[in-house]
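Novice: Generate a structure from the sequence data that follows.
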Amino acid sequence: MNKLLRFAILVCAFTFLSSQASAKKPDWIDGTSKKYPEPHYFIGMGEAMLGKGSEKQVHSLAADRARAEIAKSIRSSVSVDERSGRKVESSAKGKSRDLSQDSYQSSSVRISAGQILEDVQIKEYYKDKKEGRLYALAALDRPKAAKRLSARLDQVLKEISTEMEMGREAQDAGNYLPAMKRYSNALSLSSGASDIAELISILKPAGPSPLSEGLATAEIKELISKLGSMIAFEIKINDENSAIRPYIVRGLKNYGFSVGADTAGAKKSYTLDCRIDIIEKGTIDMGPGLLMNVYQADLDVEITDTSDGNVIGSMTWSANANEKSSVAAEKSAVRALGRLVEKQIGEKLVGI
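Specialist: Numbering: from 1, shown residues only. Below is the predicted model of the structure:
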């Protein structure tokens, strides 16, 4: 009986000590972890008040906040300085490190950490009953995440190569607008590739640059600019007095296309047959003595290859405006339509 009692006491003591050990405040609450050390891991700690919602909601909130802390530590502002190269703010402590490269970008780039958050894992929870808080530890295995991003970067670089090859084929065949579309696709992809490369550099600060040979972003831009100057547009509008023309012209020129008399050096020409319609939509009662007239402006554009007369595509826009007078509402609708056309016409044309 005494032996059984002593055994029971020992079991209780062991259980008590074990529970005390498991309840001990973990080191990661203070920002560092022996189990998940730097530089192999990025870690983040999140917390939530106990009793503020269901247990599931409290755990979810603490976990989300822990992931957000990692996102903060890897979200980087890349500033360019031709004298010192790039500086990437990547440390949770706000320190910077120099990533000088042979090529420089002309503007600051904001890197999103969202691409690698899928690699973040919630490793542990700690419940502090005294403080009434639940803590969550999130960890990012940096080499593992870098490996996945490197595979993605390789794929993007292949896609860029494919788009450039298809663009050259289209250009050689005289299909300039489709060629512009391919080059524009390559340019967009190159921007994404640069972002991925920056993330890899943050994850592997001691490793070589994943884009040591550089992306030909500047060359692609130059190619698009030169090709744009080879394409000329003639604009025909059903209402030649319409105020929409200047917006169309500016939109085309902003994208690098030649327009009207500005066609020296153009090798390919297209006609834009434009039809603008102004529609009275009625009135809106805005309150006592305030009746607003509503007008809609529509623009339909048909694109014709002037070399063979074939219609290769079409574009449409629509915009609304309301003013006290009918005349003002009509003018406002045309202005709203014009701003939309000016902003979008280049992108829409290369998407034909």
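Novice: elements contacting the longest strand seen in the chain?
Specialist: Longest strand in the chain by number of residues (criterion: DSSP state E): strand 268-287. The contact analysis (3 or more Cβ pairs under 8 Å, 6 or more residues apart in numbering; DSSP states H and E) places strand 268-287 against strand 231-237, strand 290-305, strand 310-323, helix 326-350. Any C-beta I mention is one placed from the backbone N, CA and C, and that applies to glycine too.
Novice: all strands of the chain, in order?
Specialist: Using DSSP E, strands in the chain cover 41-49, 76-81, 85-89, 96-98, 109-111, 120-128, 133-141, 231-237, 258-259, 268-287, 290-305, 310-323.
Novice: which ones are touching residue 259?
Specialist: By Cβ atoms under 8 Å, 6 or more residues apart in numbering, the residues touching residue 259 are 232, 233, 235, 249, 252, 253.
Novice: how many other residues sit next to the third one?
Specialist: Spelled out, that is residue 235. Residue crowding around residue 235 was assessed by other Cβ atoms under 10 Å; the count is 18.
Novice: ok, it to residue 175 distance?
Specialist: 21 Å (Cβ to Cβ, to the nearest Å).
Novice: ok so, going back, okay, the contacts of residue 259 in TSV with pLDDT and distance to residue 55 next?
Specialist: Formatted as TSV, these follow (pLDDT from 0 to 100; distance: Cβ to Cβ, whole Å):
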residue	pLDDT	distance to residue 55
232	91	68
233	92	64
235	94	65
249	95	63
252	93	60
253	91	61
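Novice: Buried subset of the residues you listed as a ChimeraX selection?
Specialist: Those of the contacts of residue 259 that count as buried under 16 or more other Cβ atoms under 10 Å are selected in ChimeraX with:
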select :232,233,235,249,252,253
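Novice: Which of the contacts of residue 259 sits closest to residue 277?
Specialist: residue 235 (16.8 Å; Cβ to Cβ).
Novice: Next, find the distance separating that closest one from residue 190.
Specialist: Taking Cβ to Cβ as the measure, residue 235 and residue 190 are separated by 32 Å.
Novice: likewise residue 232?
Specialist: 27 Å.
Novice: Can you name the residues bridging to the closest residue to residue 317 other than its chain neighbours?
Specialist: Nearest in space to residue 317, with sequence neighbours left out and distances taken as Cβ to Cβ, 6 or more residues apart in numbering, is residue 299 at 4.7 Å. In this entry, residue 299 is beta-bridged to residue 276, residue 317, by DSSP bridges.
Novice: CA atoms only for the longest strand of the chain - export them in PDB, please.
Specialist: Taking C-alpha atoms only, strand 268-287 is exported to PDB below (Å, rounded to 0.1, in the frame of the first residue of the first chain):
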ATOM      1  CA  LYS A 268       2.800  50.500 -90.900                       C
ATOM      2  CA  SER A 269      -0.400  52.500 -90.800                       C
ATOM      3  CA  TYR A 270      -3.800  52.000 -89.400                       C
ATOM      4  CA  THR A 271      -7.100  53.900 -89.500                       C
ATOM      5  CA  LEU A 272      -9.200  54.500 -86.500                       C
ATOM      6  CA  ASP A 273     -12.800  55.000 -87.500                       C
ATOM      7  CA  CYS A 274     -14.400  56.600 -84.400                       C
ATOM      8  CA  ARG A 275     -18.000  57.100 -83.700                       C
ATOM      9  CA  ILE A 276     -19.000  59.300 -80.700                       C
ATOM     10  CA  ASP A 277     -22.500  59.400 -79.400                       C
ATOM     11  CA  ILE A 278     -23.900  61.600 -76.700                       C
ATOM     12  CA  ILE A 279     -27.000  60.300 -75.000                       C
ATOM     13  CA  GLU A 280     -29.300  62.100 -72.600                       C
ATOM     14  CA  LYS A 281     -30.000  59.800 -69.700                       C
ATOM     15  CA  GLY A 282     -32.500  61.900 -67.800                       C
ATOM     16  CA  THR A 283     -32.300  63.800 -64.500                       C
ATOM     17  CA  ILE A 284     -31.500  63.100 -60.900                       C
ATOM     18  CA  ASP A 285     -33.300  64.900 -58.100                       C
ATOM     19  CA  MET A 286     -30.600  65.900 -55.700                       C
ATOM     20  CA  GLY A 287     -32.900  67.700 -53.300                       C
END
